[in-house]
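Engineer: Kindly generate the corresponding structure for this input.
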Amino acid sequence: MAGAARLEVFSPDGIGEVTEGTDLAALAARFLVDGDVLVVTSKVVSKAEGRVVRSDRESAIHQETVRVVARRGPTSIVETRTGVVMAAAGVDASNVAQGSVVLLPLDPDASARRLRDDLAHTPGVNVAVIVSDTAGRAWRHGQTDLALGVAGMLALESFEGTTDGYGNPLAVTAPAVADEVAGIAEVASGKLGGRPFTVVRGLADRVFPRGEHGPGARALVRETGTDMFGLGSREAVVAALSGTDRRAFGAPASSGDLERALSACGLPVTAGDDRLVVDSGPEDPRIPVLAFAHGWEVLADESSDSATVLAPLS
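Structural biologist: Numbering: from 1, shown residues only. Model prediction:
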């Protein structure tokens, strides 16, 4: 069809079992042409890199966890060493010998770069590489694949500063291209087909020249404090009450946000210049908790028995 955008996506059979030291580039090269995007499951990358360990699943999850984001019954949502937030730290006990688990690659971006460099030895073939894994999404049932490692293309594109066809400015439009490609690759490969490689053809204009890998999938990870859901609802309550870690709450909130929170808790408040005065003494335990969660503090030298003065942290 003339003028149509077209993608070809296929996931070949017959790859066989991958073990530590398997040459993934040698297995994948025969399916590739110049300008392809190769999507490889993280499990296969981990197996080739020797990330299969003898361990029970819970011990492995604890080992791979940097920070617990939320826990509900047997399910733990945690931050891994690469900054990605996933269920069970991405530890997988399926398709592996009993008593063993597969851990995520130590550095998925580095894994993607190494595989891309290895594939560059194939004459006339320059491709991008995505290392993918499965994850759930906030607000929605089910899972989809996303990019843990990327080399040879942008993981995130930004249209900030451009305009649409009507002249409207685009301020926050930033497609997570690598995640989109990983998702469509999983549709082709399936969960039970034993197909660790998927080739996405038709994105040659996005593939970087040889030797240019780009910023990787790390560009997709939200910085600490910018994620509105950096803690689960229960965990946020504990963090605010314990007052031990403010990072997940982000930058100080506006006075209006804190004023609304105080009012919602039945605490009369008056706004001043860079200050909020709460018509309650500092002995009320709710005030410092709300202040902490909003990035504010109680000014001990200005508070009294009948009122509490709050100011944003500098």
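Engineer: ok, longest strand in this structure?
Structural biologist: Looking across the chain with DSSP state E, the single longest strand is strand 140-151.
Engineer: Mind listing what's buried along that strand?
Structural biologist: Neighbour-count burial for strand 140-151 flags 144, 145, 146, 147, 148, 149, 150, 151 (criterion: 16 or more other C-beta atoms under 10 Å). In this view, the C-beta of every residue, glycine as well, is placed from N, C-alpha and C.
Engineer: Show me the helices in this structure, by range?
Structural biologist: For the chain, the helices defined by DSSP state H occupy 24-28, 42-48, 57-64, 108-119, 177-189, 233-242, 255-264, 286-293.
Engineer: For residue 134, which of those is the nearest?
Structural biologist: Nearest to residue 134, of all those, is helix 177-189, at 7.3 Å by C-beta to C-beta.
Engineer: Quick one: find the helix or strand in the chain with the lowest mean pLDDT.
Structural biologist: The least trusted helix or strand in the chain, going by mean pLDDT, DSSP states H and E, turns out to be strand 269-272, with a mean of 88.
Engineer: what separates the residue lying closest to residue 109 once chain neighbours are set aside from residue 128, distance-wise?
Structural biologist: Excluding the flanking residues, the one nearest residue 109 by C-beta to C-beta, 6 or more residues apart in numbering is residue 216, at 3.4 Å. Per C-beta to C-beta, to the nearest Å, residue 216 is found 11 Å from residue 128.
Engineer: So for these two, which residues contact both of them?
Structural biologist: By C-beta atoms under 8 Å, 6 or more residues apart in numbering, residue 216 and residue 128 have these common neighbours: 150, 151.
Engineer: Hmm, residue 212 is touching residue 151, no?
Structural biologist: No - Residue 212 lies out of contact with residue 151 (C-beta atoms under 8 Å); the separation is 9.3 Å.
Engineer: Between the two, which contacts overlap?
Structural biologist: Here residue 212 and residue 151 share no contacting residue, scored by C-beta under 8 Å, 6+ apart.
Engineer: Tabulate the buried residues of strand 140-151 in TSV, adding columns for pLDDT.
Structural biologist: Formatted as TSV, the buried residues of strand 140-151 follow (pLDDT from 0 to 100):
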residue	pLDDT
144	94
145	95
146	96
147	98
148	97
149	98
150	98
151	98
